[in-house]
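> predicted model, plus sequence, below.
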Amino acid sequence: TPANNTFLLFYCGKQLPSPIRHAFFSECLFPPLDFYCDHGDVLYGSFCYFFGSWTASWRDAEDYCFNVWKGHLASFHSIEEVNFLKGDGERSGTVSVNGISLWTGGYSLNAEEKWKWSDGSKMEYIRWSTGEPEDDKPVQRCLSWNLHSHRWKEDNCGSDRGFICKMR
């Protein structure tokens, strides 16, 4: 037991980062965690997600995710992932603070180029809003996510939006 009657927290034999004042012990029913999310982050699958509580341009949000969280703006690969994060965005207050559109990692440099995720993963799961993407926009093609409709919109990269970081 460390000083001040605190205990180090272990989960399935792996020490977690924060000392606590009380401990509980239970049988490990799942394989040990090889990772955990920092306080305030959301764990889904093998990724941690961070909802920014302020607005930024797409580039500033991507730079923040990369430099501070060692990740990227979020990429989405299933409706289950989208539904989980939609619920968390509503619970966290991100929706009421930053409106209903959040930056994701989707971008395209021009109308001729395919859409990509900033983390380099393939864009296989697609949820465009009706009439999207608007291929007549010459530049600044970034993907925002509407939390109410679950749909994606081509957006001006310089607009200030809330955002979601995704990291491993």
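Noted; the coordinates are in hand. Numbering: from 1, shown residues only.

> contact partners of stretch 158-168?
35, 46-58, 61, 64-65, 69-75, 85, 89, 94, 97-99, 101-105, 119, 140, 144-145, 155 (Cβ atoms under 8 Å, 6 or more residues apart in numbering). Every C-beta, even on glycine, is put in place using the N, C-alpha and C of the backbone.

> show me which of these are buried.
Taking 16 or more other Cβ atoms under 10 Å as the criterion, what is buried in the contacts of stretch 158-168 is 47-52, 55-58, 61, 64-65, 69, 71-75, 85, 89, 94, 98, 101-105, 119, 140, 144-145, 155.

> so which of the residues you listed are in strands?
47-51, 72-73, 101-105, 144-145, 155 (DSSP state E).

> the residue lying closest to Arg161 once chain neighbours are set aside pairs with what?
The shortest distance from Arg161 to any non-neighbouring residue, by Cβ to Cβ, 6 or more residues apart in numbering, is to Trp103 (4.7 Å). In this structure, Trp103 bridges to Ser144, Phe163 when assessed by DSSP bridges.

> residues contacting Trp103?
Taking Cβ under 8 Å, 6+ apart as the test, what Trp103 contacts is 56, 58, 61-62, 73, 142-145, 155, 161-164.

> do the same with Arg127
Phe76, Ile79, Val82, His150, Arg151, Trp152.

> next one: Tyr64
Gly52, Ala56, Phe163, Cys165.

> surely Phe84 touches Tyr44?
Yes - counting by Cβ atoms under 8 Å, Phe84 does reach Tyr44; the two are 5.1 Å apart.

> show me where the protein dips below the pLDDT cut-off.
1-36, 39-40, 88-99, 135-140 (pLDDT under 70).

> and this structure, what are its domains?
1-34, 38-129+140-167 (automatic domain parsing).

> identify each buried residue in stretch 141-159, please.
Buried-residue list, stretch 141-159, by 16+ other Cβ under 10 Å: Arg141, Cys142, Leu143, Ser144, Trp145, Asn146, Leu147, Trp152, Lys153, Glu154, Asp155, Cys157.

> start and end of that stretch, how far apart?
11 Å (Cα to Cα, to the nearest Å).

> now the helices for this structure?
58-69, 79-92, 94-98 (DSSP state H).

> could you find the closest non-adjacent residue to Ser118?
Counting by Cβ to Cβ, 6+ apart, Gly105 is the residue found nearest to Ser118 once chain neighbours are left out, at 3.7 Å.

> that neighbour and Met123 touch, don't they?
No - using Cβ under 8 Å, Gly105 makes no contact with Met123, being 9.4 Å away.

> got a list of what the closest residue to Ser75 other than its chain neighbours touches?
Excluding its sequence neighbours, the residue lying closest to Ser75 (Cβ to Cβ, 6+ apart) is Trp117, at 3.7 Å. Counting by Cβ under 8 Å, 6+ apart, Trp117 touches His72, Ser75, Gly105, Gly106, Met123.
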